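Visitor: Got a sequence here, can you model it:
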Amino acid sequence: MKNSIEDTVSTWILRHTILVWFGIFLNALFVIPLLFFPRWFLNLFNIPLEELIWARASAGLLMIISVFYVPAAIDFVRYRANACIAVFPSRTFGATFFFLAVVLFGQPPGFLSISFVDALIGSTTLYCLIRIRKLEQQSRESGLIK
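Guide: From the prediction side, this is the model:
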């Protein structure tokens, strides 16, 4: 029984890790073009912007945020707090901010792409975190782990 629960927890940690790396990859799909080809990328999403320095600055900030996702992807047990922070406030804020910017404040719909990426990765990694916590709680209640 102990191995079965540990294997299940390990499986969910692996799923979480894969999703975090996938989220970092998706972020890179925004970072690289915004750094090197900002006009082309902004035109692709029909986002008007006069000063391209702001697009490049946004790309740099997204790159920095993405770096903070790496520790939990490498060692989930040691950096569990990072895994939680990656969901709330990070992904939750990104999804909410850009969604509301479009829906309530009339920003170009191209910003929804950012919202959807953050919502997808945030919700799926949150689900993994919830599953891991429940499985660990079941283990503690059954006396398998302390």
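Visitor: Pass me the low-pLDDT residue ranges in this structure, would you?
Guide: Per-residue confidence for the chain (pLDDT under 70) gives these ranges: 1-3, 144-146.
Visitor: cutoff 50 now
Guide: Filtered on pLDDT under 50, the chain yields the residue ranges 1.
Visitor: All the strands of it, residue numbers only.
Guide: Assigned strands in the chain: none (criterion: DSSP state E).
Visitor: where do the helices sit along it?
Guide: Taking DSSP state H as the criterion, the chain carries its helices at 2-36, 38-44, 52-67, 70-74, 80-85, 92-103, 112-141.
Visitor: Just put those in CSV and tack on mean neighbour count.
Guide: The C-beta positions use only the backbone N, C-alpha and C, and glycine is treated the same way. Converted to CSV, the helices of the chain look like this (neighbours: other CB atoms under 10 Å):
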stretch, mean neighbour count
helix 2-36, 16
helix 38-44, 15
helix 52-67, 15
helix 70-74, 18
helix 80-85, 16
helix 92-103, 16
helix 112-141, 17
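Visitor: Could you check how many residues crowd around residue 89?
Guide: The number of residues packed around residue 89, counting by other CB atoms under 10 Å, is 11.
Visitor: actually residue 51, not the one I wrote
Guide: Residue crowding around residue 51 was assessed by other CB under 10 Å; the count is 9.
Visitor: Could you check how far it is from residue 92?
Guide: With distances defined as CB to CB, to the nearest Å, the gap from residue 51 to residue 92 amounts to 29 Å.
Visitor: try residue 80
Guide: 17 Å.
Visitor: With residue 59 instead?
Guide: Between residue 59 and residue 92 the distance, using CB to CB, works out to 21 Å.
Visitor: next one: residue 7
Guide: Applying CB to CB, the value for residue 7 to residue 92 is 30 Å.
Visitor: same deal with residue 32?
Guide: Separation of residue 32 from residue 92 (CB to CB) stands at 24 Å.
Visitor: Also residue 78?
Guide: When distance is defined by CB to CB, residue 78 is 23 Å away from residue 92.
Visitor: Many thanks, have a good one.
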